[in-house]
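K.L.:
When you get a sec, could you give me coordinates for this:
(one chain, ligands or ions: 1)
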Amino acid sequence: MADWTPRRFEDRVALVTGGASGMGRETSVRLAREGAAVVVAGLPDDTRGAETIAMIEAEGGRAVYVGADVAREADCDAMAQAAVDEFGRLDYCVAAAGVLHARYVSGEIAPQDVNPDRSEGHLTNKPLEFWERVLAVNLTGVMLTNRAVAKRLIAQGEGGAIVNISSGAAKIPMRGSAEYSVSKAGVWMLTRCLALELAPHGIRVNTVAPGVIDTPMALAVSSDESRRQQLERTIPLGRLGEAEDIAEASLFLLSAQSDYMTGQIIHPDGGLFVG
Ligand SMILES: NC(=O)c1ccc[n+]([C@@H]2O[C@H](COP(=O)([O-])OP(=O)(O)OC[C@H]3O[C@@H](n4cnc5c(N)ncnc54)[C@H](O)[C@@H]3O)[C@@H](O)[C@H]2O)c1
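P.N.:
Sure thing, here's the model as predicted:
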């Protein structure tokens, strides 16, 4: 049977953060499938990164894994430079790295144990470090990623496109996870500001704001059958999202098919946050 996969990113180079798992992994695989060479960035000690690279190489794609903590400016510069050093250029970025909860980042608790409704998550009870850590990764990390990429795109002088992964939580406040909602609302506004600053360089910046997606981050819901079914009853399209739903939205916003869109937000959420 003929392979009808489009090749929208042939001879182009993409950087994807959060590429060791979930949406970042799926986005990396799909970019490579459509012809891009991919710098897959993730935490330095994350062994899942090698699995993403193996998946891409198994399909004949080109990719390298770069260990980088997006909360560190030097790491962000290094991962953007890796694209130029390894593949000779940089054209696209998807900033998908993110954390739901500070204790989840530190490995202190497993994702399935995160329950944002617990009162320990309320701002009056939360240690300041939790707030600072989530903002450092989810908001400052996206800004540092975006500007490291933008500097190289400007120097290259051929335009480019950036997609930042926000969340429905940017629109709907989450009880017990204020820092997450605030960080994701910040990503939305950051995207709009950068879209204005980078438009003269032909660089587009857009946001994808997913609903609840079946990735490691949503294990608390997806691994508990009754919670999952309860949630699915509230989602107009009747199911959790998949990483591929978000990857497809991101690829659309990187591609020439969205050439006249910048500073926009789209919500692949099955209708969850429509009302
Ligand atoms: N899963 C959902 O329901 C959902 C919904 C809305 C938005 N999101 C957002 O989607 C993005 C991708 O998450 P996912 O659902 O694929 O979950 P995920 O946990 O599989 O992916 C997040 C990735 O970010 C990486 N990461 C964490 N801290 C980092 C740091 N300091 N530096 C570099 N990498 C770091 C993690 O190691 C992981 O690979 C996140 O920004 C998340 O906030 C997720």
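
K.L.:
Tell me the residues of this protein that contact the ligand?
P.N.:
The interface of the chain toward the ligand, taken as Cβ under 6 Å from any ligand atom, is made up of 17-18, 20-24, 42-43, 46, 69-71, 96-99, 105, 137, 141, 165, 167, 210, 212-213, 215-218. The way it works is simple: take the backbone N, C-alpha and C, and place the C-beta from them, glycine included.

K.L.:
any chance you could map the helices in the protein?
P.N.:
For the chain, applying DSSP state H gives helices covering 22-33, 48-58, 73-87, 102-105, 128-135, 141-156, 178-198, 219-222, 225-234, 243-254.

K.L.:
quick one: buried residues of the second one?
P.N.:
Of all the residues in helix 48-58, those buried under the rule 16 or more other Cβ atoms under 10 Å are 49, 52-53, 55-56.

K.L.:
what does the longest one give?
P.N.:
When burial is assessed from 16+ other Cβ under 10 Å, helix 178-198 yields the following buried residues: 178-188, 190-192, 194-195, 198.

K.L.:
OK, contacts around the residue positioned nearest the centre of the chain?
P.N.:
Geometric centre of the chain, nearest residue: A96, 1.4 Å, by Cα atoms, centre = their mean. For A96, the contacting residues are 16-19, 22-24, 27, 165, by Cβ atoms under 8 Å, 6 or more residues apart in numbering.

K.L.:
quick revisit: can you lay out the helices of the chain as JSON lines showing mean pLDDT?
P.N.:
Shown next, in JSON lines, are these (pLDDT from 0 to 100):
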{"stretch": "helix 22-33", "mean pLDDT": "98"}
{"stretch": "helix 48-58", "mean pLDDT": "98"}
{"stretch": "helix 73-87", "mean pLDDT": "98"}
{"stretch": "helix 102-105", "mean pLDDT": "54"}
{"stretch": "helix 128-135", "mean pLDDT": "93"}
{"stretch": "helix 141-156", "mean pLDDT": "98"}
{"stretch": "helix 178-198", "mean pLDDT": "97"}
{"stretch": "helix 219-222", "mean pLDDT": "86"}
{"stretch": "helix 225-234", "mean pLDDT": "92"}
{"stretch": "helix 243-254", "mean pLDDT": "98"}
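
K.L.:
most packed of those?
P.N.:
Comparing the helices of the chain by mean neighbour count (mean count of other Cβ atoms under 10 Å), helix 22-33 comes out on top with a mean of 26.

K.L.:
helices or strands up against that helix?
P.N.:
Helices and strands touching helix 22-33, by 3 or more Cβ pairs under 8 Å, 6 or more residues apart in numbering; DSSP states H and E, are strand 13-17, strand 37-42, helix 48-58, strand 62-67, strand 92-95, helix 243-254.

K.L.:
ok, now with 10 Å
P.N.:
Counting contacts by 3 or more Cβ pairs under 10 Å, 6 or more residues apart in numbering; DSSP states H and E, helix 22-33 packs against strand 13-17, strand 37-42, helix 48-58, strand 62-67, strand 92-95, strand 160-165, helix 243-254.

K.L.:
What is the end-to-end distance of stretch 80-100?
P.N.:
Its start and end residues considered, stretch 80-100 measures 24 Å (Cα to Cα, to the nearest Å).

K.L.:
Which pLDDT value does the model give Q264?
P.N.:
Confidence at Q264, expressed as pLDDT, is 98.

K.L.:
show me what contacts the closest residue in space to it that isn't next to it in sequence?
P.N.:
Distance criterion Cβ to Cβ, 6 or more residues apart in numbering; nearest residue to Q264, sequence neighbours excluded, is N206 at 5.0 Å. Counting by Cβ atoms under 10 Å, 6 or more residues apart in numbering, N206 touches 161-164, 191-192, 195, 249-250, 252-254, 258, 261-266.

K.L.:
Kindly recompute the last result at 8 Å.
P.N.:
161-164, 191, 195, 253, 258, 261-266 are the contacts of N206 under Cβ under 8 Å, 6+ apart.

K.L.:
before we move on, the earlier item: nearest to the ligand among the buried residues of helix 48-58?
P.N.:
Ranked by distance to the ligand (Cβ to the nearest ligand atom), these are led by G49 at 8.2 Å.

K.L.:
Surely the closest one and V39 touch.
P.N.:
No: when contacts are counted by Cβ atoms under 8 Å, G49 is not listed as touching V39 (11.0 Å).
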